[in-house]
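Asker: make a model of this:
(chains A and B)
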Amino acid sequence: MSKLTRFGIWVVIAVLAAAAFAKIALDHGESINAAWLLTAAVCSYAIAYRFYSKMIAAKVFALDASRATPAVRLDDGRDFVPTNKWIVFGHHFAAIAGPGPLVGPTLAAQFGYLPGIIWIVVGVALGGAVQDFVILASSVRRNGKSLGQMAREEVGPVAGITALVAVLGIMIVLLAVLALVVVNALKSSPWGTVTIALTIPIAMLLGIYLRWIRPGRVLEASAIGIALLIFALYAGQWAAAQPTLAAAFTLSGTTLAITIMIYAFAASVLPVWLLLAPRDYLSAFVKIAVVLALAAGILIALPPLHMPALTQFTDGSGPVFAGKVFPFAFITIACGAISGFHALVSSGTTPKMLERETDARMIGYGSMLMESFVAVMALIAACALTPGVYFAINAPASAIGTTAASAAQAVRQWGFTLDPTQMQQLAQEVGEKTLLSRTGGAPSLALGMAQLFSSAFSGSAALAIWYHFAIMFEALFILTTLDAGTRVGRFMLQDLGRHVWEPFGRVSWYPAVVLSSALIVAMWGHFLYQGVIDPLGGINSLWPLFGISNQLLAAVALCVGTTVFIKMGKARYAYVTLLPLAWLTIVTMSAGWEKMFSPEAKLGFIAHAHVVEGQLAAGALPAAIKSVADARRLIFNDYLDAAVTAFFMVSVVVILADSIREWTSVLRGRKPAVSTEAPFEVVPVPGD
Amino acid sequence: MTTTQVIRLTRNRLDRIATVVRRIIGVPDYDRYVAHARRCHPDQPVLSRDEFTRQRMVERYSKPGARCC
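Answerer: The predicted structure is shown next:
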């Protein structure tokens, strides 16, 4: 292709992206087609990948295919294994993609689609994908060191320890909020509960199959597993139609919360081959299949978006979660735009697999663009619902009441329409008793996806199966993260506790294993339980905490990245990481501040505690709270949430201050710019 | 091409796809480990498939970085 043609193609892509964004931002008609969002996203990704990531690869890191990677130099047949870049790409994508990019955009849809689409696309191009790529490349140059190790060695011990404790804190909040999403999706839903419960024996069956019946036949076992999952889907439908079974599996939020805690505890102490590993394989298949199916569904259906570009809830009065569009849209959508958690994956198994250094660009930057695309699809699925239905599902009972009539009334007051009988009928069509106040994002995403799938592939008769299929895979992802996360959290806790009491750190001493697992479950379980009984709906307090903590980790990663740049003598390119770092600092600090000190009881933790204290002093109880003891617990939890927020904010300040100190001393020449990169070695020529 | 050739070709191709899929979902690659151990550490004993798989799994679920939200 001639230079001119290539130039022409890129001009066309740029014009398309700009035109699509202009249409999205300026169109004030009834509804806009999803195709515009897809075009804006895909064209922007192409430009960002072709130009920005190439600039980072060439100018900043000077990635060199002839420089031997850790996988090549340290090949041990286990961790360090040179692997084809497409395989690493798939592996890395399966590791970073999870429920996060699906739930966040669904919740943020309360502001309309405009803030979401802009943040997902711009955030990923200049922030998220940059972070993943920079950390991956830095780790590859340092023999696959982890983020914590790099923070300690590049920035300093203070940043290193803060990062370590912060990761544990984030883990706890993440597990709690994800568990809450599952609880809310399964609450009073016998179909969903039976299907999800069945996935546990299915995974164990596969574990046994892989261990004793046909050792190592993973694909065979997975095929059986997928067939059994489909069976579980229909078994759930059958059980929900049997009055006694349906009654037995219609569980309250608190019962489900305790069940999930017991499950995660068991998964953490049981051998991994029995439950975790087979479940993980299944989940990886389902994940990739669902992402592909969602893309196909959206491309075939190309649904119109019924949600307005901007709703009136940008002013902070939204029922899904409290807070203005700034900063809360940027906290709510973490995964998909920028997610600090990815820095752990990018400095975990992936850097040890790269065959060539230059692959880091496609794997680090490219996979994150894919994840961002998943977030765009989730946003489309949420905005394709009519706003009335979306808000009836996602607003807590404290905002819309408990009947279809009261929900319709509330929705009308917000300026949208909702037909109460239609809402009832919709619940019936998806095989649920009710869809009102099914908060947490999963049910509305499932409904959005079910409508897409049935209009693209089947017909509305299969709506219930699609809905429960979507619920099943979301819960499958989440439970996989939950059990593996609890186990990882247990190891981290043991590692920290080792310094206090040596025997606690022994990973194969049963009492220590049980104690540390119980502790970690108790920690996230507390937040989960508090979320379940919270009259404001739990998601309102927990999701922002998760967003803040995830963005804190991203700030750590970007601090490490900036330090790496400066020590490489590439300070003039520091803007690449400083730009997203500055934005994240502004966003996390202002969101954290508002969550703590906002005078509005719905938004600020402390203000809410004061309101409940006032009610108690006056001899009254807050709505939906039954006893004084419960009210006192509510107050305690508010202060706890405020303390956790404060901890995350202080961590940001500490790491930032430590980093700036390091940057200035290197830039001013007080400290020599010593690179910690592994020395350059040329790739051995085969046959030499 | 004879039928047996076609079958063999298809099998080969399926095997290769299966290998790719296994590695994407993170199944420990025992054959590669054995090849490596024989080549680089001929003096040391080679783990059995069961031992190797168990060791890799324990490793995978003991530190953050194997997965995300």
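Asker: same for the helix or strand hosting residue A:450, what does it pack against?
Answerer: For residue A:450, the enclosing helix or strand under DSSP states H and E is helix A:442-456. If contacts are counted by 3 or more Cβ pairs under 8 Å, 6 or more residues apart in numbering or on different chains; DSSP states H and E, helix A:442-456 sits against helix A:100-108, helix A:157-186, helix A:276-301, helix A:367-383, helix A:387-394, helix A:463-497. Every residue, glycine included, has its C-beta placed from N, CA and C.
Asker: any low-confidence regions in the chain?
Answerer: Using chain A. Within chain A, the ranges that satisfy pLDDT under 70 run A:686-688.
Asker: can you look at chain B instead?
Answerer: Residues of chain B that meet the cut-off, pLDDT under 70, sit at B:65-69.
Asker: spatially nearest residue to the residue nearest the centre of it, not counting backbone neighbours?
Answerer: For chain B, residue B:29 is the residue whose C-alpha lies nearest the centre (Cα atoms, centre = their mean; 2.0 Å). Of all residues not flanking residue B:29 in the chain, residue B:23 sits nearest, at 6.4 Å (Cβ to Cβ, 6 or more residues apart in numbering or on different chains).
Asker: cool, residue A:314 as well?
Answerer: Nearest non-adjacent residue to residue A:314 (Cβ to Cβ, 6+ apart): residue A:325, at 4.0 Å.
Asker: what about the nearest residue to residue A:248 once chain neighbours are set aside, distance to residue A:627?
Answerer: In this structure, residue A:248 finds its nearest non-sequential neighbour in residue A:190, 7.9 Å apart by Cβ to Cβ, 6+ apart. For residue A:190, the distance to residue A:627 equals 29 Å [Cβ to Cβ, to the nearest Å].
Asker: which of these two has more neighbours?
Answerer: residue A:190 (24 against 9; other Cβ atoms under 10 Å in any protein chain shown).
Asker: name all residues that make contact with that one.
Answerer: A:236, A:239-240, A:245-250 (Cβ atoms under 8 Å, 6 or more residues apart in numbering or on different chains).
Asker: tell me the buried residues within the residues you listed.
Answerer: Buried by 16 or more other Cβ atoms under 10 Å in any protein chain shown: A:236, A:239-240, A:245-246, A:249-250, out of the contacts of residue A:190.
Asker: related to what we said a few turns ago, does the residue nearest to residue A:314 touch residue A:116 like I think?
Answerer: No - using Cβ atoms under 8 Å, residue A:325 is not in contact with residue A:116, being 9.8 Å away.
Asker: which one's more surrounded, these two?
Answerer: residue A:116 (32 against 23).
Asker: is that one in a helix, a strand, or coil?
Answerer: Of the three states, residue A:116 takes helix under DSSP: H, G, I helix; E, B strand; the rest coil.
Asker: so it touches residue A:378, yeah?
Answerer: No - using Cβ under 8 Å, residue A:116 is not in contact with residue A:378, being 9.2 Å away.
Asker: which residues are in contact with both of those two?
Answerer: residue A:105.
Asker: quick check: residues of chain B near chain A?
Answerer: B:18, B:20-30, B:32-37, B:40, B:49-50, B:53-69 (Cβ under 8 Å from any Cβ of the partner chain).
Asker: residues near residue 36, how many?
Answerer: All of this refers to chain A. Applying other Cβ under 10 Å, I find that residue A:36 has 20 neighbouring residues.
Asker: nope, chain B please
Answerer: 18.
Asker: thinking again about what came up before, how about the helix holding residue A:450 as CSV, C-alpha atoms only?
Answerer: What follows is helix A:442-456 as a C-alpha-only set of coordinates in CSV (Å, rounded to 0.1, in the frame of the first residue of the first chain):
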residue,chain,number,x,y,z
ALA,A,442,-26.4,-7.6,37.2
PRO,A,443,-30.2,-7.9,36.7
SER,A,444,-30.5,-4.9,34.5
LEU,A,445,-27.5,-6.0,32.4
ALA,A,446,-29.0,-9.4,32.2
LEU,A,447,-32.2,-8.0,31.0
GLY,A,448,-30.5,-5.8,28.5
MET,A,449,-28.5,-8.7,27.2
ALA,A,450,-31.5,-11.0,27.1
GLN,A,451,-33.4,-8.5,25.0
LEU,A,452,-30.4,-8.1,22.7
PHE,A,453,-29.9,-11.9,22.4
SER,A,454,-33.5,-12.7,21.9
SER,A,455,-33.9,-10.0,19.2
ALA,A,456,-30.7,-11.1,17.5
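Asker: could I get the contacting residues of the closest residue to residue A:466 other than its chain neighbours?
Answerer: In this structure, residue A:466 finds its nearest non-sequential neighbour in residue A:450, 3.7 Å apart by Cβ to Cβ, 6+ apart. By Cβ under 8 Å, 6+ apart, residue A:450 lies in contact with A:430, A:463-464, A:466-467, A:469-470.
Asker: may I see those residues organised as a markdown table, with neighbour count added?
Answerer: Compiled in a markdown table, these are given as follows (neighbours: other Cβ atoms under 10 Å in any protein chain shown):
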| residue | neighbour count |
| --- | --- |
| A:430 | 22 |
| A:463 | 21 |
| A:464 | 20 |
| A:466 | 23 |
| A:467 | 27 |
| A:469 | 22 |
| A:470 | 27 |
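Asker: in chain A, which spans are strands?
Answerer: With DSSP state E as the criterion, chain A has strands at A:32-33, A:304-305.
Asker: the first one - contacts with which helices or strands?
Answerer: Spelled out, that is strand A:32-33. Partner elements for strand A:32-33 (3+ Cβ pairs under 8 Å, 6+ apart): strand A:304-305.
Asker: okay, now the sheet partners of the strand it packs on, with direction.
Answerer: strand A:32-33 (antiparallel) (DSSP bridges).
Asker: what sits up against the strand it pairs with?
Answerer: A:23-24, A:302-305, A:309.
Asker: distance from that strand to the middle of the chain?
Answerer: Distance of strand A:32-33 from the chain centroid (Cα atoms, centre = their mean, to the nearest Å) equals 27 Å.
Asker: tell me who's in contact with the residue lying closest to residue A:168 once chain neighbours are set aside.
Answerer: Nearest non-adjacent residue to residue A:168, counting by Cβ to Cβ, 6+ apart: residue A:492, 5.1 Å away. Neighbouring residues of residue A:492 by Cβ under 8 Å, 6+ apart: A:164, A:167-168, A:171, B:63-64.
Asker: any figure for the gap between residue A:492 and residue A:523?
Answerer: From residue A:492 to residue A:523 the distance is 11 Å (Cβ to Cβ).
Asker: what number of residues lie near residue 58?
Answerer: Picking chain A for this. Neighbours of residue A:58 under the rule other Cβ under 10 Å: 12.
Asker: wrong one, chain B
Answerer: Using other Cβ under 10 Å: residue B:58 sits among 16 other residues.
Asker: in which helix or strand does it reside?
Answerer: helix B:49-60.
Asker: how near is residue A:131 to residue A:124?
Answerer: Taking Cβ to Cβ, one finds residue A:131 at 10 Å from residue A:124.
Asker: pull up the overlap in contacts between the two.
Answerer: Common neighbours of residue A:131 and residue A:124 (Cβ under 8 Å, 6+ apart) are A:338, A:368.
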